[in-house]
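Novice: Mind folding the following:
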Amino acid sequence: MSAKLEEYKDLLMGDTYVDLPRLRNLAQHGVPPEIRSEVWKYLLEVSRPDRSEEVSYAKKQLDNYWEMAERSCKDARVLRTVKGQLRQSTPQWQSALDSKNRDVVERVASCYIANCLLAQLPPNVSLMLPPFVVVCNGQEVEAYYCFRGLMFLYTTLMPPEDISLRVAQFLMLFKVIYPEVNAALEEEEVEPNEWVVSWLEVLLCRELPVDNALRLWDSYFAADTPEDGLLLHPYVCLAVIENIQGTLIELSERSEMLSTLQHLPAMDMEHVITQAQSIRDEVRVRNLL
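Specialist: Numbering: from 1, shown residues only. As a prediction, this is how the structure comes out:
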């Protein structure tokens, strides 16, 4: 057992209070898989740092979830929407979920969509749910509330109706910073809507290997400010380009380029996040946005 895991356990096993600032500081550098579920619950405000009413609060969440789930399972329109979205899940998440957990994904997605009060949901919202079911080991109620925590942040900081603006801003930066990659993609007629929209909409969870996606989300959830959390995401996408640009430029087939963009190789996400922060700083200095 690593010292890092022991440090997390010491934080989480306090009798009355969890030191959330210290937990965030640790989690920004990655969370051990064994403890990720518990950590994410605090980072996404599913669990409260004050543990004095932990049992009663969890019981209330449990009762509320099953009440909502019972209503949503009868909504045929929502079920059709969820099934349609989940058909677009990528192989790495399909293989990470057994049949039981795939059912959990379907129920949780249906519950969220049926009970969401937002006027507009992100397209393919269900595709961001498998990471939570994997991290929570199929614990349905925990997965639902963690997912809801992400969606609160997501829709507050990155409103779905702004996706066209976010795509346009990303493409402008991409063309300025990586003109050779852009030229290579244009030459093979790889269209931005074939990769950029998904990268931005579902936080790279469709494209990155499972471990890389979870590590990236550790940092997003643990960030002290939105600028170092979800708002860093476009710059993370640019940093990913930084790491695969040589491969993309060397490829000569459209299908190979598209496959690389849609099925990214494993990367050192700590390094990618550091690169993203540097790119963001460069964009500010050059006044590109």
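Novice: Tell me who's in contact with residue 254.
Specialist: Taking C-beta atoms under 8 Å, 6 or more residues apart in numbering, we find residue 254 in contact with 188-190. C-beta: built from backbone N, CA, C; applies to glycine.
Novice: How about the residue nearest to the spatial centre of the chain: what's its closest non-neighbour residue?
Specialist: Geometric centre of the chain, nearest residue: residue 203, 4.6 Å, by C-alpha atoms, centre = their mean. In space, residue 203 comes closest to residue 233 once its chain neighbours are excluded; the distance is 6.1 Å by C-beta to C-beta, 6 or more residues apart in numbering.
Novice: Tell me, how many residues neighbour that neighbour?
Specialist: Residue 233 is flanked by 21 other residues according to other C-beta atoms under 10 Å.
Novice: Can you list the buried residues in the worst-scoring helix or strand of the chain on mean pLDDT?
Specialist: Least confident helix or strand of the chain, by mean pLDDT, DSSP states H and E, is helix 76-86 with a mean of 78. Of the residues in helix 76-86, 78-79, 81-82, 85-86 count as buried by neighbour count, 16 or more other C-beta atoms under 10 Å.
Novice: do stretch 270-277 as well
Specialist: Buried residues in stretch 270-277, defined by neighbour count with 16+ other C-beta under 10 Å: 272-273, 275-276.
Novice: Those residues: which two are farthest apart?
Specialist: Using C-beta to C-beta, the pair of the buried residues of stretch 270-277 lying farthest apart is 273 and 275, separated by 7.2 Å.
Novice: Would you map the helices across the stretch 1-150 of the chain?
Specialist: Under the criterion DSSP state H, counting those that start in this stretch, helices of the stretch 1-150 of the chain are mapped to 3-12, 20-27, 36-43, 54-72, 76-86, 91-96, 99-115, 130-135, 140-157.
Novice: if you compare these, which one is most tucked away?
Specialist: Per-stretch averages of neighbours, counted by mean count of other C-beta atoms under 10 Å, single out helix 130-135 among these, with a mean of 25.
Novice: Restricting to C-alpha, output that one in PDB.
Specialist: Extracted in PDB, the C-alpha atoms of helix 130-135 (Å, rounded to 0.1, in the frame of the first residue of the first chain):
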ATOM      1  CA  PRO A 130     -19.900   5.300 -17.600                       C
ATOM      2  CA  PRO A 131     -16.900   6.700 -15.700                       C
ATOM      3  CA  PHE A 132     -19.000   7.200 -12.600                       C
ATOM      4  CA  VAL A 133     -20.400   3.700 -12.700                       C
ATOM      5  CA  VAL A 134     -16.900   2.300 -13.100                       C
ATOM      6  CA  VAL A 135     -15.500   4.400 -10.300                       C
END
